[in-house]
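> coordinates only, sequence not included:
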């Protein structure tokens, strides 16, 4: 019998290899037809390029996040394979505001996000030992939070009163932690048999966790469900305890194909909430934050045929009507696509990028990482 530890390692390797291979290989058919080739959705116009070549010869843009007031853009650059740098760029003055250097490399970790506090007064990448919070205007450390767990990544809730912290992808019952940001007291939650791979808040302060069921014991249950090994479990948890947890299971072996080898039922390397609609975007799927209903807006066939580009970081528009999918533009020929969230219909084509995509809270500015530069677009 396969031990739990070996099974976890195998599942992690399987998911990571499958996701990376998908992005590297599937974009071959999504050739850029020019930014004006298709503009039937939001109109996207290039207005500026931020040249970051001064940071270093080997630096590379990895992640982007706008400040809540839309004036500043936080840029994660990896100057080498071991470190990351955060640059705060003042979009109004078109200049560097602050720089935070010497951080552990987190640019290639899909779950790790650069987090502005909702009041805009601090910024963190939600990990590290200790977890550090910086003043985005000066780069000075304003708080350090000791976390007694590994592989940490985090998410603020809507108003910033709580911080959700993952405690590691293992079966050792690490689960997750929720901090009250007023006094930094916390409550720990078990994973209850799940190998948690993504987490998100919902609009009504529930927590949605998604992961693989990596147990061989067929008698184990979760929320009256009895998953099989490799099944995907999507679970909704009420931190207040008012409502009991509930979950849905996405089978790794399709019901119409018994006997086949389990396949990755869903991409699980990133998730994000749209508070306007209470929908959680989990790569190619949209999950309702209230009912757990799943809508697959982009299928494997859509990606294979070039209808939409493969990506590890799809992005909701602030109103939840659109999803931005950035194509990997290694040869400057790959397109990115805006799709309609309700139907999955491709609407607007815009140029691909090399890493990192973000849209401002007012939905008017789009930023796309392109190696040692960032392209800024107006969205109309």
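On my side now, so go ahead. Note that the structure is predicted; figures quoted are calculated from it, not measured.
> rest of the way, CA atoms for contacts and neighbours
Will do.
> now do the phi/psi pair for the residue lying closest to residue 161 once chain neighbours are set aside.
Once flanking residues are discounted, residue 161 sits nearest to residue 181: 5.3 Å by Cα to Cα, 6 or more residues apart in numbering. Residue 181 has phi and psi values of phi -80, psi 0 when expressed as degrees, to the nearest 10.
> now do residue 362
Backbone geometry at residue 362, expressed as degrees, to the nearest 10, gives phi -90, psi 0.
> my read: it touches residue 378, true?
No - distance between residue 362 and residue 378: 11.3 Å, which falls outside the contact criterion (Cα atoms under 8 Å).
> looking at the two, which has the bigger crowd around it?
Ranked by neighbour count (other Cα atoms under 10 Å), residue 362 and residue 378 place residue 378 first, with 17 against 13.
> and the one helix or strand the more buried one maps to, what does it pack against?
Residue 378 belongs to strand 373-379 when assigned by DSSP states H and E. The helices and strands touching strand 373-379, judged by 3 or more Cα pairs under 8 Å, 6 or more residues apart in numbering; DSSP states H and E, are strand 44-51, strand 365-369.
> what are the contacting residues of the helix or strand following the longest one?
As assigned by DSSP H and E, the chain's next helix or strand after strand 44-51 is strand 61-66. Surrounding strand 61-66, the residues in contact under the criterion Cα atoms under 8 Å, 6 or more residues apart in numbering are 72-78, 107-108, 113-116, 354-361, 367-374.
> and the very next helix or strand once past strand 61-66 with strand 365-369, angle?
Downstream of strand 61-66, the next assigned helix or strand under DSSP H and E is strand 72-77. Orientation note: strand 72-77 sits at an angle of 10 degrees relative to strand 365-369 (axes from the mean of the first three to the mean of the last three Cα atoms, to 10 degrees).
> hang on, the earlier thing: please check the contacts of strand 61-66 and keep the buried ones.
Buried members of the contacts of strand 61-66, counted by 16 or more other Cα atoms under 10 Å: 72-78, 107, 113-116, 354-360, 367-374.
> chain neighbours aside, what residue packs nearest to residue 131?
Distance criterion Cα to Cα, 6+ apart; nearest residue to residue 131, sequence neighbours excluded, is residue 145 at 5.0 Å.
> kindly apply the preceding question to residue 92 instead.
Spatial nearest neighbour of residue 92, chain neighbours left out: residue 71 (6.3 Å); criterion: Cα to Cα, 6+ apart.
> ditto for residue 190
Among residues not flanking residue 190 along the chain, residue 175 sits closest, at 4.4 Å (Cα to Cα, 6+ apart).
> separation between that neighbour and residue 290?
Residue 175 sits 21 Å away from residue 290, taking Cα to Cα, to the nearest Å as the criterion.
> looking at these two, which one has more neighbours?
residue 175 (22 against 14).
> all helices of the stretch 1-150 of the chain, in order?
If DSSP state H, counting those that start in this stretch is used as the criterion, the helices of the stretch 1-150 of the chain fall at 4-26.
> and the residue nearest to residue 92, how many residues sit next to it?
Residue 71, neighbours per other Cα under 10 Å, totals 13.
> ok so, going back, and the residue nearest to residue 131, what pLDDT?
On pLDDT, residue 145 comes in at 91.
> could you shift the numbering so residue one becomes 7, and keep it that way?
Okay, residue one is now 7; in that scheme the one you just asked about reads as residue 151.
> identify the residues contacting it.
Going by Cα under 8 Å, 6+ apart, residue 151 touches 135-138.
> pick the most buried one from the helices and strands packed on strand 379-385.
Stretch with highest mean neighbour count among the helices and strands packed on strand 379-385: strand 371-375 (a mean of 24; mean count of other Cα atoms under 10 Å).
> listing partners with orientation, what would you give for it?
strand 363-365 (antiparallel), strand 379-385 (antiparallel) (DSSP bridges).
> ok, residue 297 - how many residues close by?
For residue 297, the neighbour count with other Cα under 10 Å is 12.
> could you look up the SS state of it?
Under DSSP: H, G, I helix; E, B strand; the rest coil, the three-state class of residue 297 is coil.
> how long is stretch 181-189 end to end?
OK, stretch 181-189 end separation, Cα to Cα: 22 Å.
> typo on my end, it should be stretch 102-120
Stretch 102-120: ends 17 Å apart by Cα to Cα.
> quick one: contacts for the residue lying closest to residue 150 once chain neighbours are set aside?
Closest residue to residue 150 apart from its sequence neighbours, by Cα to Cα, 6+ apart: residue 138 at 4.6 Å. Shown in contact with residue 138 (Cα under 8 Å, 6+ apart): 130-132, 147-151.
> most neighbours out of those residues, which is it?
residue 132 (25 neighbours).
> now do the contacts for it.
Counted by Cα under 8 Å, 6+ apart, residue 132 has contacts 118-121, 138, 158-161, 171.
> could you pull out the helices for the stretch 257-386 of the chain?
For the stretch 257-386 of the chain, the helices defined by DSSP H, counting those that start in this stretch cover 306-310.
> strands of that one, start to end?
Assigned by DSSP state E, counting those that start in this stretch, the stretch 257-386 of the chain shows strands spanning 278-280, 285-288, 291-294, 300-302, 321-322, 328-331, 341-346, 352-357, 363-365, 371-375, 379-385.
> of those, which is nearest residue 64?
strand 379-385 (12.2 Å; Cα to Cα).
> start to end distance for stretch 115-132?
End-to-end distance for stretch 115-132, by Cα to Cα: 12 Å.
> next, residue 197: phi, psi?
According to degrees, to the nearest 10, residue 197 has phi -90, psi -10.
> my read is that it contacts residue 180, right?
Yes - using Cα under 8 Å, residue 197 is in contact with residue 180, at 6.4 Å.
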